[in-house]
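**Student:** Here's a sequence, model it:
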Amino acid sequence: MMMTRQFSKALVLLLSLLASAPLMFAGDERMVGLRSGEVLWAEVESHDEDGVDFLRLDNGGRVRLAWSLLDPRFEQELRAEFGYLDVANEEVMVTADRIRTVDGEELIGLIVHRTEDALHIKTAQRMIALPKLRIAGPSVLVRAPALDIYSREELVQKELDERRGALGLEGARGAAAHFDLAQYCERILDYASAVRYYELAAAKDSSWRPKDLESALLRARRKSEAQGQIDALREIRRERQRGHYESADLLVQAFRVEYPGTPLMQELKDLEASIGRAREEDMAKAIVSRWHAWASRLTKQAGRKSDYSEAIAWVESELSNEILSGVQSDLGELDPDISPGRVRSIWEAREKPRSHHASYGFATWLLGDSRARAGMKTEEEKPKASRRDQARQDLEDRIQRFLERQKSVARASGGRAEEDPAAYWESMSSSGRAQWLLAYYAEFSGDVEVLGIHFRSCRDCGGTGVQEINYVGPAISGEKRARSRLASCPTCHHVGIVRRVSYR
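**Tutor:** Numbers count the residues shown, from 1 in each chain. The predicted model follows:
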C-alpha cells in the first residue's frame, strides 16, 4: 500500500515536470497524459483540429483521441506544437490615446501631431486629421493592441532597431536573441518573419536548444501557411471586442465558406462560442442599465403632465410595458430579433448589485395614511420614552385629539378635509411629480426588488403632522387662557413623514 502511494506521488511529480516544460522526445515518441489520469506512451501519426492519432508503443495498436480526452497540460503543449493554439495569445499591447467625439464616437490611436485646428492621429490603417471642433474632451491614455496602432512591418522594424546589438552576436547569445525576436513576431501574428528569425537562430548555433527550435519552427511554418486565416480570425475577434456581434457572426460564416478545411477550426469554434457568451453578458448588462434609464425617462415625461388621475392610471397599467418596449428598441445592435418575452426573462434573472432610490417627497400624503405609514414601527415596537413634563404631555394629548377630529371630518366629507389631490398634483413641480411616480412604480409594480422603505420626519412639524400657532393678542373666544391653537401641517398635510424607496 505504501509503495503504491509513493509511486502515485512520483508519477504526479513526473507529469507536473513534463507538463511545465516543452515536450522533449526522440523522434515522435512521447509520454502523453490523459484526462482520466492514465499515461500513454505512443508515437504521433497524424493530427487535425478534432484530435490526434497515436501509435501505441506497448502493443503497436493505433488509437484516435479527441483533444478533450487529453490532460489539459499535455493538450496545451501539443496544440502549441502543432499550431492549434489561440492566435491572440499574449497579444502585444501599447500605450495609445483615446479621444471621444461630440457625436459619441470613440477613436483610439496615437496623436503624432497637433495643429491649431486639428489633431493628427495614427492608426495601423491610416492617418486621421480630426478637427478640434469634433472633440468632446481631453484625450486619455489607454492600453491598446499594437496591431491597431502600427503595421506589422513597423513593429518588426522597431524591434530590430532596439535589438540590433544582441542580434549581431554570434553563437548561443545570437541564437537566443533571434529566437526571442521570432517569438515576438508570433505575438504580432507575423509568422513569415517568425520563420525567418527561427531559421537565423538555428544558423547562429545549431546546438542551442535544438528541440525547442525544431518545434517552434514547425509551428511557425504551419501558421505562416495559414496567415490569411489567422488574420481573418483576428478581425472576428476585434469585432467581438468592439461589441459588433452581428458583424462578427457574419465574418464567422464567411470564414467557414472561404476555408472549409481549415486547421484552425477549433479556434473558430472557440471564438464563435466566446462571441455568444460576450453577447449574452453585454445584453444582460444593457437590459439592466436601460431598464432603469427608461423608468427614469418615462416618469420624467409623465411628470410634465398635470392630470393626477391619468398619471396614476398610467403608472399602474402602462409604464411597465413602455419600459419593456424602450429596452427592446435599444438592443438592436446586440440582437435585433430579441423578443419582449426574452427581454423580460433576462431582466427577471438579472444580477442586482446596485441600488436605486426614489422619494414621494412632501406629497407622501397622496398615498393615504395607511400606505404612507406602512412599514413604520408601531408604538409598541418603539423604545419607551423617558418621563416628560406635564406641559409636553398636554401638547401631545392636544395633537392626538386634533388628528382624530381631522380624521372624522375627512370621513364625513368622503376624503381629506380641504385637501384636493388633483389640485395639489397640479401645483407640484414636474421633477417632484416624476420622483413620486418613480417611487410609486418601484414600490407597487412588482418589476423591481424593493430593498427597503425609509422614513424621514417632516422638517416643518418634526413628524407630529401638526403645527402649533401662537397668538400674542387677546385670548381666543371660548379659550380664555389659550394663546395658541393647532393646525394641520401645510407641508406634509398632517402625515408627518416623507417616504422613500430603495430598490434594484
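**Student:** where does the chain dip in pLDDT?
**Tutor:** Residues of the chain meeting the criterion pLDDT under 70: 1-28, 49, 80-90, 378-419, 468-486.
**Student:** So which residues of it form strands?
**Tutor:** 29-33, 39-47, 51-56, 62-66, 93-100, 106-114, 118-122, 127-131, 140-145, 356-361, 450-457, 466-470, 484-488, 497-503 (DSSP state E).
**Student:** tilt between the first one and strand 51-56?
**Tutor:** Using axes from the mean of the first three to the mean of the last three C-alpha atoms, to 10 degrees, the interaxial angle of strand 29-33 with respect to strand 51-56 works out to 120 degrees.
**Student:** Mind listing the strands strand 29-33 pairs with, and their directions?
**Tutor:** Paired neighbours of strand 29-33 in the sheet (DSSP bridges): strand 39-47 (antiparallel).
**Student:** For the partner strand, buried residues please.
**Tutor:** By 16 or more other C-beta atoms under 10 Å, the buried positions in strand 39-47 come out as Val39, Leu40, Ala42, Val44, His47. Yep, even glycine has a C-beta here, placed from its N, CA and C like the rest.
**Student:** for the nearest residue to Cys458 once chain neighbours are set aside, what are its contacts?
**Tutor:** Distance criterion C-beta to C-beta, 6 or more residues apart in numbering; nearest residue to Cys458, sequence neighbours excluded, is Cys492 at 3.9 Å. Neighbouring residues of Cys492 by C-beta atoms under 8 Å, 6 or more residues apart in numbering: Phe362, Thr364, Trp365, Cys458, Asp460, Cys461, Gly465, Val498.
**Student:** Against Lys132, how distant is the closest residue to Glu106 other than its chain neighbours?
**Tutor:** Spatial nearest neighbour of Glu106, excluding adjacent residues (C-beta to C-beta, 6+ apart): Arg100 at 5.6 Å. Relative to Lys132, Arg100 is positioned 13 Å away (C-beta to C-beta, to the nearest Å).
**Student:** Compare those two and say which is more crowded by neighbours.
**Tutor:** Comparing Arg100 with Lys132 by other C-beta atoms under 10 Å, the one with more neighbours is Arg100, at 16 against 11.
**Student:** Would you agree Leu217 is in contact with Leu200?
**Tutor:** No - using C-beta atoms under 8 Å, Leu217 makes no contact with Leu200, being 10.8 Å away.
**Student:** before we move on, the earlier item: now do the contacts for the residue nearest to Glu106.
**Tutor:** Residues near Arg100 by C-beta under 8 Å, 6+ apart: Glu106, Leu107, Ile135, Ala136, Gly137.
**Student:** Could you do Ser193 as well?
**Tutor:** Arg152, Val156, Ala182, Cys185.
**Student:** Return the subset of those residues lying in helices.
**Tutor:** Among the contacts of Ser193, the ones falling in helices (DSSP state H) are Arg152, Val156, Ala182, Cys185.
**Student:** Report the separation between the third one and Pro490.
**Tutor:** This points to Ala182. The value you get for Ala182 to Pro490, if C-beta to C-beta is used, is 83 Å.
**Student:** So for the two, which residue has more residues nearby?
**Tutor:** More neighbours surround Ala182 than the other of Ala182 and Pro490, with 24 against 11 (other C-beta under 10 Å).
**Student:** Pretty sure that one sits against Ala202.
**Tutor:** No - taking contacts as C-beta under 8 Å, Ala182 lies outside contact range of Ala202: 10.3 Å.
**Student:** longest single helix anywhere in the chain?
**Tutor:** helix 265-303.
**Student:** angle of it against strand 356-361?
**Tutor:** Using the same axes, to 10 degrees: helix 265-303 against strand 356-361 is 10 degrees.
**Student:** Pick out the residue nearest the middle of the protein.
**Tutor:** Lys285 (5.7 Å; C-alpha atoms, centre = their mean).
**Student:** So for Gly361, what's the nearest residue that isn't a sequence neighbour?
**Tutor:** Nearest non-adjacent residue to Gly361, counting by C-beta to C-beta, 6+ apart: Gly432, 5.6 Å away.
**Student:** before we move on, what about Arg134?
**Tutor:** Thr101 is the one closest to Arg134 (C-beta to C-beta, 6+ apart), at 4.9 Å.
**Student:** what is the one you found paired to in the beta sheet?
**Tutor:** With DSSP bridges as the rule, Thr101 is bridged to Ile135.
**Student:** Quick check: it touching Ile108?
**Tutor:** No - under the criterion of C-beta under 8 Å, Thr101 makes no contact with Ile108, lying 12.0 Å away.
**Student:** So those two - more neighbours on which side?
**Tutor:** Neighbours per residue (other C-beta under 10 Å) separate Thr101 from Ile108, with Ile108 holding more: 18 against 15.
**Student:** pretty sure the more buried one contacts Arg143?
**Tutor:** No - using C-beta under 8 Å, Ile108 is not in contact with Arg143; the gap is 9.9 Å.
**Student:** Just to check, Ser296 is in contact with Leu438?
**Tutor:** Yes - contact status for Ser296 versus Leu438: in contact at 6.6 Å, counting by C-beta under 8 Å.
**Student:** Those two - which one has more neighbours?
**Tutor:** Taking other C-beta under 10 Å, Ser296 and Leu438 do not tie; Leu438 has more neighbours (27 against 16).
**Student:** Look up how far Arg164 lies from that one.
**Tutor:** The gap separating Leu438 from Arg164 is 66 Å, by C-beta to C-beta.
**Student:** just Pro340 next, same as before
**Tutor:** For Pro340, the distance to Arg164 equals 63 Å [C-beta to C-beta].
**Student:** Please consider this matter closed, and thank you.
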